[in-house]
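*Asks:* Below is the structure, and that's it, no one-letter string:
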């Protein structure tokens, strides 16, 4: 069996110390692990690209958390050099545009009338959603590689040194701070906080999920989704990098080198665990949980038990993106700019479309049957899912 090692990127955490690992870079003893070749496919459904446009600079292979955010009839986007735009969702036309000239690394998030961005320099920027005017700018403890969230007058930010900040939405002043020690070795990335019913849910490095009150940051519960194990720091690496999903009284998370798990929303009790390594954002509906694992296998899991309903291994080692679900379809992007459309019920491959030549890492949002895809090279596309098949 071919041995695989994670390529370590020796980057020092701002405000602390640690090492990042990039899970998408794999080396064997003498050769790079090759991605699965795409076989010829006759599309059984026909996704339609509604529009596509260049939105600015790409991520420069830095694995930034830049993704479109759709709010009503507007798509908010940002590039890695601080160009922020509000676009009409129907046709991609510009409503407003600002140049921050800052190394934006996470966002945009939208809430409380604000467009929110984090930077590699550890700043949080708030712009007015209606016109892009800067409302405030606040320094936090380290790089922001997640999407800020806002609700009930509080902006929540997860930083790379393991802290969660609650900031006043009106002026950016710190309202509360939650701190937890970061392991020596972590993935380059952070789970974005998710807010539901006045509670902040966040996955942390080390495989822990926490629930905090949004008004004061008080901890309601925390749970070890995965307990890190192994003799080396590399073997003990177990991070939650994908965003939690809050649905039907449960919180669903995936851990790199750990488990996919369902946690009871109120109590924090683990309802089920399934051994699986994943670092990308999952998708879910009332029947299923859809995951692209660290090896590039796409899974459909039963949301009540975690048991496998299907798996699709035709995309192994293609460095898959976050997963989206649109009606009866599951879609995932890859490192060559392809979108792969799978049957939600059995995982069979139904279609393949291409929205560019650059990798698709995190930049996917779905609203009203339309998929908004931001490639790592700075191209944004709106793709309409086909009807029932």
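*Replies:* Alright, I've got the coordinates. All figures in this text were calculated on a predicted structure; none of them were measured in a lab.
*Asks:* For this structure, just list every one of the helices.
*Replies:* Using DSSP state H, no helices are found in the chain.
*Asks:* any weak-confidence spans in it?
*Replies:* 1-32, 60-61, 183-189, 228-238, 387-389 (pLDDT under 70).
*Asks:* beta partners for residue 364?
*Replies:* Beta-bridge pairing of residue 364 under DSSP bridges involves residue 373.
*Asks:* Residue 201: neighbour count?
*Replies:* Counted by other Cβ atoms under 10 Å, the residues lying close to residue 201 total 23. All C-beta spots, glycine's among them, are computed from the backbone N, C-alpha and C.
*Asks:* Please read the previous query as pertaining to residue 240.
*Replies:* Using other Cβ under 10 Å, residue 240 has 29 neighbouring residues.
*Asks:* Surely it and residue 254 touch.
*Replies:* Yes. Residue 240 lies in contact with residue 254 (Cβ atoms under 8 Å); the separation is 7.1 Å.
*Asks:* Mutual contacts of the two, please.
*Replies:* With contacts taken as Cβ atoms under 8 Å, 6 or more residues apart in numbering, residue 240 and residue 254 have no neighbour in common.
*Asks:* Was I right to think residue 35 contacts residue 316?
*Replies:* Yes. Between residue 35 and residue 316 there is a contact at 7.3 Å, judged by Cβ under 8 Å.
*Asks:* Can you check which residues contact both of these two?
*Replies:* Contact criterion Cβ under 8 Å, 6+ apart; residues shared by residue 35 and residue 316: residue 296.
*Asks:* and the residue lying closest to residue 96 once chain neighbours are set aside, what does it touch?
*Replies:* If the residues on either side of it in the chain are set aside, residue 96 comes closest to residue 132, at 4.4 Å by Cβ to Cβ, 6 or more residues apart in numbering. Contact partners of residue 132, counting by Cβ under 8 Å, 6+ apart, are 84, 86, 96-98, 115.
*Asks:* What is the nearest of the residues you listed to residue 141?
*Replies:* Comparing these against residue 141 with Cβ to Cβ places residue 115 closest, at 22.1 Å.
*Asks:* From residue 302, how far off is residue 84?
*Replies:* 40 Å (Cβ to Cβ, to the nearest Å).
*Asks:* neighbour-wise, which of the two wins?
*Replies:* Ranked by neighbour count (other Cβ under 10 Å), residue 84 and residue 302 place residue 84 first, with 25 against 14.
*Asks:* so what's the more buried one bridging to?
*Replies:* For residue 84, the beta-bridge partners under DSSP bridges are residue 78, residue 98.
*Asks:* is it true that it touches residue 97?
*Replies:* Yes. Shown here, residue 84 and residue 97 form a contact pair, counting by Cβ under 8 Å, at 7.1 Å.
*Asks:* how close does residue 190 sit to residue 211?
*Replies:* Noted for residue 190: a distance of 17 Å to residue 211, by Cβ to Cβ.
*Asks:* and these two? which has more neighbours close in?
*Replies:* Between residue 190 and residue 211, residue 190 has the larger neighbour count (other Cβ under 10 Å), namely 32 against 23.
*Asks:* The more buried one - nearest residue in space that isn't next to it in sequence?
*Replies:* residue 146 (4.0 Å).
*Asks:* Next, the contact list for that neighbour, please.
*Replies:* Residue 146 neighbours (Cβ under 8 Å, 6+ apart): 65, 106, 118, 157-158, 189-193.
*Asks:* Closest to residue 382 out of those residues?
*Replies:* residue 65 (20.3 Å).
*Asks:* Tell me how many other residues crowd the residue nearest to that closest one when sequence neighbours are not counted.
*Replies:* Nearest non-adjacent residue to residue 65, counting by Cβ to Cβ, 6+ apart: residue 106, 4.3 Å away. For residue 106, the neighbour count with other Cβ under 10 Å is 30.
*Asks:* which residues does residue 106 form a beta bridge with?
*Replies:* Under the criterion used (DSSP bridges), residue 106 bridges to residue 65, residue 118.
*Asks:* That one and residue 66 touch, don't they?
*Replies:* Yes. The pair residue 106 / residue 66 is scored as a contact, 7.3 Å apart, by Cβ under 8 Å.
*Asks:* count of neighbours near residue 202?
*Replies:* Residue 202 has 27 nearby residues by other Cβ under 10 Å.
*Asks:* What of the one 5 residues further on?
*Replies:* By other Cβ under 10 Å, the residues close to residue 207 number 25.
*Asks:* For it, which residues are in contact?
*Replies:* For residue 207, the contact set (Cβ under 8 Å, 6+ apart) comprises 224-228, 238-240, 255, 258.
*Asks:* That one and residue 259: what is the separation?
*Replies:* From residue 207 to residue 259 the distance is 8 Å (Cβ to Cβ).
*Asks:* again, but for residue 102
*Replies:* When residue 102 is compared with residue 259 (using Cβ to Cβ), they lie 37 Å apart.
*Asks:* ditto for residue 196
*Replies:* 22 Å.
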